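J.: Give me a 3D structure for the following:
(one chain, ligands or ions: 1)
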Amino acid sequence: MTGNSKDKEVHKSPSVSTLKLLGKRLFNSGSHTDNSSLLLSAEQLGNGRSLRKRPTSPSIGGTSSGPNSPSSSAGARQRSASLHRKKNNASVGFSNGPVSSHKSSAALQDLIKHNNNPYLNSPSDILGTGTGIASTRDRDRIALDREKEREKARSKERNTHHAGLPQRSNSMASHHFPNENIVYNPYGISPNHARPDTAFADTLNMNKENDLSFYMHDGNSKIRMLPLPIANPNDFLPEDMKQYSVHLTDNFVFDTDNKPIGSGGSSEVRKVKSTYRQKDVYALKKLNMIYHESPEKFYKRCSKEFIIAKHLSHNVHITKTFYLLKVPTTTYTTRGWGFIMELGVKDLFQLMERTGWKNVPFSEKYCLFKQVAQGVKFCHDNGIAHRDLKPENVLISKEGICKLTDFGISDWYHVVPHDYTSPVKTCQGMIGSPPYTPPEVMYFDIKKHYPEKFQKPYNPLAMDSYALGIMFITMINNIIPFIDSCNTDARFREFEVSYDNFINHQNPHFRDKGCHKPGPGSEYSLARNFKNTDATRVAWRLADPNPVTRYTMDDLFNDPFFQQIETCVEPNDDDLVRVPELRKSTSATDFTENPLDGPRDQEMVHTSNPFLKNEILPSKPRSMLEIAESPSLKQKSKAKGTAKNKSHAVTDEGGNESTSPKQQDHRKNLNGEEDNDADKEEAMESGATNVDSLLEKPTPTSTKVENIPSEEDSTMKELKSMLDSTPTTPKHNGPTPLPANIGAQLDKRMSDLSLKSGTPVSTKNSSAPNVSSSSNSLRSLGSPSVSSLKKKRVVHHHLDITNSVTNMSSVSAFISR
Ligand SMILES: Nc1ncnc2c1ncn2[C@@H]1O[C@H](COP(=O)(O)OP(=O)(O)OP(=O)(O)O)[C@@H](O)[C@H]1O
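T.: Just a heads-up that it's a prediction; the model follows:
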């Protein structure tokens with residue numbers, strides 16, 4: 001178990017912000033190696049696959065289109081690679097890659113020194129063994145390339161085909177800084193494509209952090225602020241998820257440290273503390289508007305993410321999401337919405353980029369892999385496809401437990417969302433984060449210019465399997481195997497050829513269901529480092545380029561190698577996370593989001609829920625306890641007077657557990673924690689008030705509806721109708737999904753917020769075998785409230801990974817070039 005010192009180290013380490021900065025500079029350059037004698041190799045090979053954060057392709061609308069620019073990222077990378085090959089006159093296999101133009105850079109040498117790229121360790125890597133047996137696909141590829149060229153020309157003629165749609169920017173991808181390598185950043189800042197949603201990327205620059213003026217560009221191209229009044233989250237949530245308090249500052253204060261702990265394409269994550277228990281630290285995922293998103297679309301997107309995340313918050317391998325709250329403008333954030341979530345110590349990417357990662361024993365890596373798989377299985381078993389699995393979206397708790405997060409593009413995957421016997425609903429459109437996005441999805445990437453005939457509806461579950469396989473390969477190889485999982489990437493082509501070779505020449509039944517013969521051996525580059533042909537079977541079957549034969553999660557859980565992996569936590573172990581307490585719920589009259597804001601009644605203007613209009617939203621949202629006691633809003637009066645100043649510790653299981661002060665005391669004792677909450681409370685609350693009173697200025701209401709895919713329009717109607725649902729008694733039983741009626745209606749409607757649904761495919765067998773993994777796990781004992789606070793004994797020390805790059809100065813050497 002990692003102690004406090006480790007945690008501190010975590011926070012000192014150059015985490016997300018540094019990584020992002022590093023990524024901008026270093027992606028496609030030689031990556032870390034511990035062997036300086038390999039400097040030449042690194043440069044010659046132009047390793048472009050070093051680990052870096054992968055922003056999600058934000059194709060909310062179902063397509064991720066980009067300008068038909070000849071300078072797409074792929075193009076740029078290809079140019080680099082070919083240039084490199086020319087320069088070095090080397091025939092390379094997997095190790096072939098984009099060129100680094102910083103040969104003589106000290107920073108690069110420093111970087112290369114830390115390289116632990118296993119491909120660089122053997123001369124045979126250069127030969128790309130395992131791929132030269134047959135190359136039957138080459139002809140296909142040439143034909144495909146020709147066809148793509150023709151399609152590209154046609155596409156140019158069509159020119160503005162995708163204009164106005166949400167786009168994945170190719171700005172950073174195609175933008176070359178004179179002294180900088182290419183970085184693929186869909187949300188990148190470009191002089192030509194200023195993306196409002198990139199505003200928070202700049203907050204990672206610590207110099208700007210306390211610069212209030214930075215946050216005052218209301219409505220300019222960098223900052224996108226929601227118009228006032230900010231909508232009430234409860235207006236967008238189903239009955240059983242409505243919250244007692246909807247204001248962040250009612251029950252939380254920002255961490256005094258006040259540094260962002262992470263950021264993504266549409267969010268920034270900071271620490272917040274319970275107003276009542278300073279030791280209870282949570283993550284606030286502050287959500288930002290993306291592109292030219294309208295406020296309505298923003299609210300619907302975010303509430304969907306929240307509903308899915310909360311729906312899944314019943315498993316030790318899922319990051320718990322507690323509340324969806326209004327966030328005021330402060331020195332730390334702009335106004336908007338945010339999630340209160342369980343705090344992760346770091347994400348898997350941050351573990352993998354540490355120089356000590358390469359020394360992590362196989363057994364520990366397998367354990368992490370299996371934990372992630374358990375999380376994915378839980379999602380699938382609960383009707384959700386994650387669709388954006390990548391190391392950045394796996395958080396590690398302080399106990400070393402892997403927890404999936406970021407359900408921003410997740411979706412219900414059944415045709416009838418809550419009917420798990422109904423077929424799988426296929427998807428269309430480019431989503432996800434290369435290279436974890438499988439080839440069948442990459443065909444939808446507009447920048448790849450694939451002919452439309454290649455774009456077939458795909459199974460979102462197979463998407464998760466593939467991502468898991470690529471994650472596994474990356475974890476073992478310490479480097480991503482390729483940049484894009486499509487045949488525009490030479491390394492991916494090599495992988496495909498290797499795959500075919502293995503089947504054609506060594507194991508013809510490799511793709512057969514139930515075949516558990518050994519997988520590829522060390523003659524295959526992407527198998528060599530596993531040193532275990534059972535592990536390669538698992539990795540390669542998950543990363544099967546063919547989605548039809550790819551391992552499903554059930555196949556994975558049936559695999560004998562997977563089954564025998566020992567983990568240090570069981571999927572049904574209880575969590576150690578304390579549900580944040582809600583004591584205060586600011587009423588309409590005593591909460592001032594902005595002094596210039598209109599009366600709170602205006603919130604009603606935002607609601608599209610006729611039910612709420614008729615009933616008149618009560619000034620104080622009902623608590624989960626009140627909802628449980630009297631589901632109908634008409635009975636609200638009975639519960640009146642119990643709301644304010646009452647302690648509400650609402651479980652994330654749907655509100656069926658409200659912890660009494662007595663219980664809290666008990667928990668406190670079990671934890672051995674010292675509370676002093678009452679003493680601190682007053683001071684903390686006054687702190688919260690101060691935060692509230694910080695600067696904010698009115699925003700011109702932007703209601704411009706962009707030229708969005710028609711499905712977006714329809715989804716808005718669907719969400720409205722979802723909210724018209726008749727309230728039912730909120731009830732949750734453990735991991736059971738949403739209450740039947742509401743859940744079914746909600747699922748149906750929310751599922752329609754998804755990408756274009758296509759033809760159903762056959763439902764997979766949802767039964768999973770019993771997986772016996774760790775015998776070392778502590779099983780839950782006693783009641784949940786007691787067992788949830790038991791410390792678990794783990795067999796591995798997942799956070800205990802050394803890093804030779806520990807301070808900003810060493811990092812700044814990279815980025816100050
Ligand atoms: N609960 C949390 N605790 C600690 N760190 C977190 C938490 N949630 C997110 N992070 C950090 O912030 C990063 C971004 O979070 P997340 O992926 O949820 O944002 P996003 O905007 O949806 O990103 P993406 O570009 O992948 O869609 C994560 O990679 C992680 O490092």
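J.: What ranges does the stretch 501-650 of the chain have for its strands?
T.: Counting by DSSP state E, counting those that start in this stretch, the stretch 501-650 of the chain has these strands, from start to end: 581-582, 648-649.
J.: Could you identify which of those has the lowest mean pLDDT?
T.: With a mean of 46, strand 648-649 has the lowest mean pLDDT of these.
J.: From the ligand, how far out is the residue nearest to C367 when sequence neighbours are not counted?
T.: Of all residues not flanking C367 in the chain, T567 sits nearest, at 4.8 Å (Cβ to Cβ, 6 or more residues apart in numbering). Bear in mind the C-beta positions are built from the backbone N, C-alpha and C, glycine included. Using Cβ to the nearest ligand atom, to the nearest Å, T567 is found at 21 Å from the ligand.
J.: Kindly report the same for C302.
T.: Distance of C302 to the ligand, given as Cβ to the nearest ligand atom: 10 Å.
J.: does that residue sit in a helix, a strand or a coil?
T.: Look at C302: counting by DSSP: H, G, I helix; E, B strand; the rest coil, its state is helix.
J.: any idea how far the ligand is from the residue nearest to it when sequence neighbours are not counted?
T.: Of all residues not flanking C302 in the chain, L287 sits nearest, at 4.9 Å (Cβ to Cβ, 6+ apart). Distance, L287 to the ligand, using Cβ to the nearest ligand atom: 8 Å.
J.: Figure out the helix or strand that D484 lives in.
T.: Counting by DSSP states H and E, D484 is held by no secondary-structure element, helix or strand.
J.: hmm, I was thinking of K403
T.: If you go by DSSP H and E, K403 is part of strand 402-404.
J.: I'd like to know how many residues surround the residue in the stretch 401-550 of the chain that the ligand sits nearest to.
T.: Distance from the ligand to each residue of the stretch 401-550 of the chain (Cβ to the nearest ligand atom) is smallest for D406, at 3.5 Å. A count of nearby residues for D406, using other Cβ atoms under 10 Å, gives 25.
J.: Quick one: residues contacting it.
T.: By Cβ atoms under 8 Å, 6 or more residues apart in numbering, D406 lies in contact with T56, G264, D388, E392, N393.
J.: which non-adjacent residue is nearest the fourth one?
T.: Distances taken as Cβ to Cβ, 6+ apart place F349 nearest to E392, at 4.5 Å, with adjacent residues excluded.
J.: Tally up the residues packed near the one you found, please.
T.: For F349, using other Cβ under 10 Å, the count is 21.
J.: This structure against the ligand: which residues are in contact?
T.: The chain comes close to the ligand at residues 16, 55-56, 261-267, 269, 283, 285, 319, 341-344, 347, 392-393, 395, 405-406, 408, as judged by Cβ under 6 Å from any ligand atom.
J.: Can you select the buried ones among these for me in PyMOL?
T.: In PyMOL, this line selects whichever of those come out buried by 16 or more other Cβ atoms under 10 Å:
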select buried, resi 16+55+56+261+262+263+264+265+266+267+269+283+285+319+341+342+343+344+347+392+393+395+405+406+408
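J.: tell me which residues of the helix or strand where E496 lies are tucked away?
T.: Assigned by DSSP H and E, E496 belongs to helix 490-505. In terms of neighbour count (16+ other Cβ under 10 Å), helix 490-505 has its buried residues at 490-502.
J.: Dump it to PDB, keeping only the CA atoms.
T.: The C-alpha coordinates for helix 490-505 follow below in PDB (Å, rounded to 0.1, in the frame of the first residue of the first chain):
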ATOM      1  CA  ALA A 490       2.600   1.800 -41.500                       C
ATOM      2  CA  ARG A 491       2.900   0.100 -38.100                       C
ATOM      3  CA  PHE A 492      -0.700  -0.800 -38.000                       C
ATOM      4  CA  ARG A 493      -0.300  -2.300 -41.500                       C
ATOM      5  CA  GLU A 494       2.600  -4.300 -40.200                       C
ATOM      6  CA  PHE A 495       0.500  -5.500 -37.300                       C
ATOM      7  CA  GLU A 496      -2.300  -6.600 -39.600                       C
ATOM      8  CA  VAL A 497       0.200  -8.500 -41.800                       C
ATOM      9  CA  SER A 498       1.700 -10.100 -38.700                       C
ATOM     10  CA  TYR A 499      -1.700 -11.100 -37.500                       C
ATOM     11  CA  ASP A 500      -2.500 -12.800 -40.900                       C
ATOM     12  CA  ASN A 501       0.900 -14.400 -41.000                       C
ATOM     13  CA  PHE A 502       0.400 -15.900 -37.600                       C
ATOM     14  CA  ILE A 503      -2.900 -17.400 -38.600                       C
ATOM     15  CA  ASN A 504      -1.800 -18.500 -42.000                       C
ATOM     16  CA  HIS A 505       1.400 -20.100 -40.900                       C
END
